[in-house]
Every structure is written in structure tokens, then in C-alpha cells.
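# sequence and predicted structure, then a few things I'm wondering about:
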Amino acid sequence: MDIHEYQAKEILSRFGVTVPRGGLAYSPEQASYRAQELGGDRWVVKAQIHSGGRGEAGGVKVCSSFAEVEEAASEMLGKRLITRQTGEAGKSVFRLYVEEAADIAREIYLGFVLDRKTERIMVVASASGGMEIEEISVSDPDSILRLIVEPAAGLQDFQARELAFGLGLDKALTAKAVKVFKGAYRAFRDLDATMVEINPLIVTGAGELVALDGKMSFDDNALFRRPEVSEMRDKSQEDPREAYAADRGLAYVGLDGNIGCMINGAGLAMATMDMIKLAGGEPANFLDIGGGASPERVLKAFRTVLMDDGIKVVLVNIFAGINRCDWVAEGVVQAYAQADIQIPVVVRLSGTNVEEGRAIIAESGLPIITADTLADAAEMSVQALAA
Ligand code: GDP
Ligand code: MN
């Protein structure tokens, strides 16, 4: 799960990282009011969306009057911001963060990620801040510093100091840098994060280290024990198909193709997507209905798949062990009764109660295309697409 910049900053600040003073705004009037509250003579209006790259997409504006703050806010609110990370669908701006503007002397990149190879938290830093890490790895790869944290010991002072020296920070800033690195590390560890990014971490003209941007992602499987994190969820920023599925306990990942998939078991779902590709088609989603799926659950899964306007065919592929083919067939028939299905549906059933399942489909009189094998099902789906 991702959270907004202002939320990440609130967390980081709790862990001892200095962040600019700021306030949230939902309207242009409120944005101007926030600026007046903050005082000073320069402010930054920042669109709160779950994406980086806002600066170059018009989602970050430095202003020097209340009128400018109000104008920037009214420009951003309600708009769909398309950044290099959002894809062409973009993300809608419903919240703004108004901050006191910072006086930037230097920009540093600081990130914490899970390194799968070493199975450890890895700290990534670069003196070339401000750019995305992907850009830095192309334009200035030698500037990237990496260090691995031993989980039993945590991030050690000597490691943090080494990082500060590596970044060429002034000696006077070492203690502050150690505090930032260790604070961000603790936030990652204590809250089951999967990513923390401060880009840029700046050195101000007055010689302070400040997190000018903040980004955090969390492990969905640990959210049950992090209520203070899970309440930060903002569904307006999520793929509506995935949010709908997640609320119903379905494992769903939206993709770009036009063949909707409803499958049991993650392995079979992956195999089916491969077979669709092999047959020349493109899957619209990954969906695992899980084991022991009742007709109601199958119906919910069907509705989830149908939420995608881009789909032209639905492929149901069930290899029932714990599942029951008759329950799946009933769920599919119910879906026809309750949802307006105008597109071809290909069903392949195999395993427990397969005869009963096939009978339910045959007796329903519905225009369901049936297949015997996975390869057939994939072929038929692609053919149905052309028909
Ligand atoms: P991102 O584009 O989504 O990563 O948003 P950031 O919060 O990183 O802002 C993008 C860029 O805007 C930063 O790299 C800065 O160059 C600039 N920026 C953000 N806040 C300030 C500020 O307070 N003062 C100044 N001068 N520039 C800022
Ligand atoms: Mn940034």
C-alpha cells in the first residue's frame, strides 16, 4: 500500500527526520489560509497523489503571494495529473499540501528498499538528488552508494557516518545525517514498510538537513497489525478494479489486455496468462479466486473481472481440487442472471465434480463456450476475440 507525501512526512518526522512545516488543503481558499498560517513569503503548493515525478507534471508550484497559492491550488485540484509513473490514466488530485518554501543548497537522493538477493534492507543514496533513481543510474551510476543493514543489529552509527562521508556532506552535518538515516531506517523497520524514499533530502542555506519529499510503501500482508498505517489508505489513488477486489478478499492485478481471466490458484493463473500470450492474446488481469470458492465468491470474482471496460472475452479456468466445479458453474450461471454479459465467456472445468459442473453449464442454455484443456481454452478465447 502506498501513502501520500504529507503522510510519509508525518511518519518520518515522528522518527526524528526534519521536514518543512506545512498543512493540508482541500480547496483554494484553504490553501491560501494555510499559507497565511505558516507565515513567511514563499510557499510550495504540492499535489498529493500516489506518484513521484509531480514536479515536471505541474504538481509542484513555488508561490510568492497568497493569490498565487490560491491560483496554483485551483489549477491543481480535481485535475488528473499524468506523470512518468502514473501511465496515461493519471491520478486525480483531491488533496494539496502547502509548505513553507525551502532554500535549497544541495539535493541528495536517499532510499531504503528490500534487496531480494541479500534478503536485507538496502540503503541507496546519491549526491545527485532531485532526479529519479532510474535516471541517476543512467546518467551518474558511480554516484550511487549502497549499504546492506544486518537485521539483528539494525543500521549502525558507523554505517550511517560512512554514508554521510560518501555523500560528501560537511563534517558539521554528520550528526544530523546519522539521525536522518537511522530515523528513516527505523520508520521502515517498525512499520513494515517495503520502501522509503526521500528525494530530495536537501541541505538548506542555513545548513539544515530537511526531507523535501517523502514516499513510503507498506507490506499489505502486515497491514492487519499496523492500524495507524492502514487508516492512511486512500482508495481514490488506487486502480478501482484492484480496490474493489481487495475489499472482497480476491487476489487481483489489473493488466492492459482484453481477455479477462478468472482462475483458481496463482500458479494456474500465471500459466493461463502464458497460454493466452502463446495463443496471441493479451490478458486483462490476474485473478485467483482461491480454494473452496462458493458460487457467491465466483459471482463476486466475475463482477470484478467485468468491471474492466476494456475486456472483450472472459476466460474461466478451474482445476478443482479443494474447489468444486459445480459451485463454479453455478456462480457463472448466476453471473449471467445478475450482470449484463454481452461478451463471449469461455469456461474450462477440470477436477472435483466436473461432470456436475459441465451439466449445469449445458443445461443453462447460455451461450457459454466450453473447452477441455488449458490450451484449447486459451485458443478459443483468442478466436472469440476475432469473431
Ligand atoms: P516529485 O517531483 O513528485 O518528486 O516532487 P518533489 O517534492 O520532489 O518536488 C519536485 C522538485 O520541486 C524538487 O526536486 C525541488 O527541485 C522542487 N521543490 C520542491 N519543494 C521546493 C521548495 O520548497 N523550494 C524550492 N526552491 N524548490 C522546491
Ligand atoms: Mn521527489
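Done, it's in. Ligands and ions are numbered 1, 2, ... in the order given.
# only C-alpha atoms from now on, for both contacts and neighbour counts.
OK.
# and the helices in the stretch 1-150 of the chain?
Ranges of helices in the stretch 1-150 of the chain, per DSSP state H, counting those that start in this stretch, are 5-14, 28-38, 66-76, 133-139.
# which one of the ones you listed lies nearest to residue 243?
For residue 243, the closest of those is helix 5-14, at 19.9 Å, according to C-alpha to C-alpha.
# and that closest one, which residues are buried?
For helix 5-14, the neighbour count (16 or more other C-alpha atoms under 10 Å) marks 5-9, 11-13 as buried.
# stretch 103-123 too?
For stretch 103-123, a neighbour-count test (16+ other C-alpha under 10 Å) marks 104, 106-114, 121-123 as buried.
# ok so, going back, export the helices of the stretch 1-150 of the chain as TSV, with columns for mean pLDDT.
Output for the helices of the stretch 1-150 of the chain, formatted as TSV (pLDDT from 0 to 100):
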stretch	mean pLDDT
helix 5-14	98
helix 28-38	98
helix 66-76	98
helix 133-139	90
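# who touches residue 137 in this structure?
The neighbours of residue 137, taking C-alpha atoms under 8 Å, 6 or more residues apart in numbering as the test, are residue 144.
# for the buried residues of stretch 103-123, which one is nearest ligand 1?
residue 104 (6.0 Å; C-alpha to the nearest ligand atom).
# roughly how far apart are that closest one and residue 209?
10 Å (C-alpha to C-alpha, to the nearest Å).
# hey, what's in contact with both of these two?
Residues touching both residue 104 and residue 209 (C-alpha under 8 Å, 6+ apart): 202-203.
# and the least confident helix or strand in the chain by mean pLDDT, C-alpha only, in CSV?
Between all helices and strands in the chain, the lowest mean by mean pLDDT, DSSP states H and E belongs to helix 240-247, at a mean of 86. What follows is helix 240-247, C-alpha atoms only, in CSV (Å, rounded to 0.1, in the frame of the first residue of the first chain):
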residue,chain,number,x,y,z
PRO,A,240,-10.6,0.9,-9.0
ARG,A,241,-10.6,-2.7,-10.1
GLU,A,242,-7.9,-3.6,-7.6
ALA,A,243,-9.5,-1.7,-4.8
TYR,A,244,-12.9,-3.5,-5.5
ALA,A,245,-11.2,-6.9,-5.5
ALA,A,246,-9.0,-6.2,-2.4
ASP,A,247,-12.2,-5.3,-0.4
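# sheet partners, orientation included, of the helix or strand following it?
As assigned by DSSP states H and E, the chain's next helix or strand after helix 240-247 is strand 251-254. Using DSSP bridges, the strands paired with strand 251-254 in its sheet are strand 285-288 (antiparallel).
# contacts for the partner strand, please.
With C-alpha under 8 Å, 6+ apart as the criterion, strand 285-288 contacts 250-257, 259-266, 269-270, 273, 301, 305.
# the buried residues of helix 5-14: which two are farthest apart?
Most distant of the buried residues of helix 5-14, by C-alpha to C-alpha, are 5 and 13, 12.0 Å apart.
# what residues does the stretch 201-350 of the chain have near ligand 1?
212-213 (C-alpha under 6 Å from any ligand atom).
# run the last query once more with 8 Å
212-214 (C-alpha under 8 Å from any ligand atom).
# which residues of this protein score low on pLDDT?
Along the chain, no part satisfies pLDDT under 70.
# domain ranges for it?
Segmentation of the chain into domains, based on automatic domain parsing, reads 1-19+103-238, 21-101, 239-386.
# what about the last one, distance to the chain center?
The gap between the average C-alpha position of domain 239-386 and the chain average comes to 25 Å, counting by C-alpha atoms, centre = their mean, to the nearest Å.
# gap between the two ends of that domain?
Domain 239-386 end-to-end distance (C-alpha to C-alpha) = 28 Å.
# on that earlier part again, closest one to ligand 1 among the helices of the stretch 1-150 of the chain?
Checking the helices of the stretch 1-150 of the chain against ligand 1 by C-alpha to the nearest ligand atom gives helix 5-14 as the closest, at 8.0 Å.
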